[in-house]
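K.L.:
Everything below, folded, please.
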Amino acid sequence: MIGKLPFVSVIIATYNSKRSLINCIKSVESQNYVGKLEIVVVDDGSTDGTLEAIRSRKWKKSVKILKQSRKGPAAARNLGARNARGVIFAFTDADCVAPRKWIGNIISTYRRFPEIVGIGGPLQPSKNNIFSALEIIKNKSLHKMRNKTIIGREEVPVGFTNNMSYKADIFHKFKGFDEYFDKPAGEDFDLKQRICKAGYKVAFTPNPILHMEDYDLGYMLRQILKRGTRKKLGEMSSSRMMLEVIKNLPEIILTLSKKTKGYRRAYEDENRTDK
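P.N.:
Numbers count the residues shown, from 1 in each chain. Now for the predicted structure:
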């Protein structure tokens with residue numbers, strides 16, 4: 001990949017996300033990456049008019065739109081990868097917005113460290129409230145690395161497909177995401193672990209994606225249910241969540257006043273149109 005910029009395929013799996021998906025695609029279209037770029041959207045059986053909404057628009061970039069019956073995000077992303085032409089796959093979610101340098105930063109990292117086969121980065125909450133602060137606190141080690149590039153194997157905290165890329169040949173070598181997972185249940189992290197256990201290296205980079213989800217009590221409870229581990233079962237009640245908020249209140253206040261605003265400024269600086 002030294003010399004000519006590689007062809008990048010951005011793959012987005014979607015289900016009932018008409019409103020947020022349009023903004024996600026627009027953000028990918030607005031990338032300042034000068035290499036070849038395509039967008040592959042896979043609709044996983046939406047019933048809210050998502051498919052019709054994106055098909056009816058005229059997009060600036062090449063947008064390939066695929067559909068499948070309700071099989072889950074693992075199958076949707078694999079379908080997107082099978083139909084993608086790029087040598088680099090970049091994954092994000094329909095409820096995310098990519099800063100203008102997102103793809104360019106990914107490619108520059110691959111060129112700096114040719115031994116790595118995958119790159120992930122942080123998810124930046126779009127809201128600045130108690131629940132976004134709590135999410136940052138729960139992932140404290142990840143957010144502390146926001147100014148560092150970390151290279152390694154299983155210990156590197158990446159893999160989540162809201163902000164993850166792979167070299168296409170490696171993705172296909174490991175047969176992509178395990179479609180046994182027919183719901184969001186760690187199939188993205190599973191792929192990264194399989195790749196790393198085989199001896200390949202991945203990288204964490206401070207290259208954020210903005211998450212446009214409402215960070216409120218309902219969202220936090222849905223995330224707990226989605227993660228679905230026994231360890232999390234005791235956190236399913238709103239009263240338990242409020243105890244978490246109270247317990248972490250001093251750190252939440254500090255996070256709201258410093259960390260979250262700092263992330264927001266960094267995102268806005270990166271996304272300025274006058275650069």
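
K.L.:
strand partners of the helix or strand harbouring residue 64, parallel vs antiparallel please.
P.N.:
Using DSSP states H and E, residue 64 maps to strand 62-68. Take DSSP bridges as the rule and strand 62-68 pairs in its sheet with strand 37-44 (parallel).

K.L.:
Could you tell me which residues within the strand holding residue 64 count as buried?
P.N.:
63, 66-68 (16 or more other Cβ atoms under 10 Å). Every residue, glycine included, has its C-beta placed from N, CA and C.

K.L.:
Distance to residue 85 and pLDDT for those - can I get that in a markdown table?
P.N.:
Shown next, in a markdown table, are the buried residues of strand 62-68 (distance: Cβ to Cβ, whole Å; pLDDT from 0 to 100):
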| residue | distance to residue 85 | pLDDT |
| --- | --- | --- |
| 63 | 13 | 95 |
| 66 | 13 | 97 |
| 67 | 19 | 96 |
| 68 | 19 | 96 |
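
K.L.:
Quick check: end-to-end length of stretch 161-169?
P.N.:
Start-to-end span of stretch 161-169 (Cα to Cα, to the nearest Å) is 17 Å.

K.L.:
buried ones in that stretch?
P.N.:
161-168.

K.L.:
what does that stretch contact?
P.N.:
Under the criterion Cβ atoms under 8 Å, 6 or more residues apart in numbering, residues 9, 13, 73, 77, 81, 84, 86-93, 96, 106, 110, 117-123, 158, 188, 192, 195, 207-209, 211 lie in contact with stretch 161-169.

K.L.:
From the residues you listed, list just the buried residues.
P.N.:
9, 13, 73, 77, 81, 84, 86, 88-93, 96, 106, 110, 117-123, 158, 188, 192, 195, 207-209, 211.

K.L.:
hmm, back to that, I'd like to know which of the buried residues of stretch 161-169 is nearest to residue 23.
P.N.:
residue 162 (14.3 Å; Cβ to Cβ).

K.L.:
and the gap between the closest one and residue 20?
P.N.:
12 Å (Cβ to Cβ, to the nearest Å).

K.L.:
same question, residue 10
P.N.:
As for residue 10, its distance to residue 20 is 15 Å (criterion: Cβ to Cβ).

K.L.:
Same check on residue 109?
P.N.:
Counting by Cβ to Cβ, the gap from residue 109 to residue 20 is 27 Å.

K.L.:
before we move on, the earlier item: can you pull the residues that touch both of residue 162 and residue 20?
P.N.:
Counting by Cβ under 8 Å, 6+ apart, residue 162 and residue 20 have no shared contacts at all.

K.L.:
can you list the weak-confidence ranges in the stretch 151-275 of the chain?
P.N.:
213-275 (pLDDT under 70).

K.L.:
can you pull out the helices in the stretch 101-250 of the chain?
P.N.:
Assigned by DSSP state H, counting those that start in this stretch, the helices in the stretch 101-250 of the chain fall at 102-112, 130-138, 140-144, 168-173, 187-197, 217-227, 230-233, 238-247, 249-254.

K.L.:
From the buried residues of strand 62-68, pick the one nearest residue 51.
P.N.:
Using Cβ to Cβ, residue 67 comes nearest to residue 51 of these, at 5.9 Å.

K.L.:
pretty sure the closest one is touching residue 40, no?
P.N.:
No. Using Cβ atoms under 8 Å, residue 67 is not in contact with residue 40, being 11.9 Å away.

K.L.:
pLDDT at the residue nearest to residue 100 when sequence neighbours are not counted, what is it?
P.N.:
Leaving aside its chain neighbours, residue 100 sits nearest to residue 32 (4.9 Å; criterion: Cβ to Cβ, 6 or more residues apart in numbering). Listed pLDDT for residue 32 reads 96.

K.L.:
Just the ones in strands from the contacts of stretch 161-169, please.
P.N.:
Among the contacts of stretch 161-169, the ones falling in strands (DSSP state E) are 9, 13, 88-93, 96, 117-120, 123, 209, 211.

K.L.:
Max pairwise distance over those residues: which two?
P.N.:
117 and 211 (25.1 Å).

K.L.:
still on that earlier bit, correct me, but the residue nearest to residue 100 touches residue 102?
P.N.:
No. Taking contacts as Cβ under 8 Å, residue 32 lies outside contact range of residue 102: 9.4 Å.

K.L.:
Comparing these two, which shows the higher neighbour count?
P.N.:
Neighbour count, other Cβ atoms under 10 Å: between residue 32 and residue 102, residue 102 has more, with 28 against 12.
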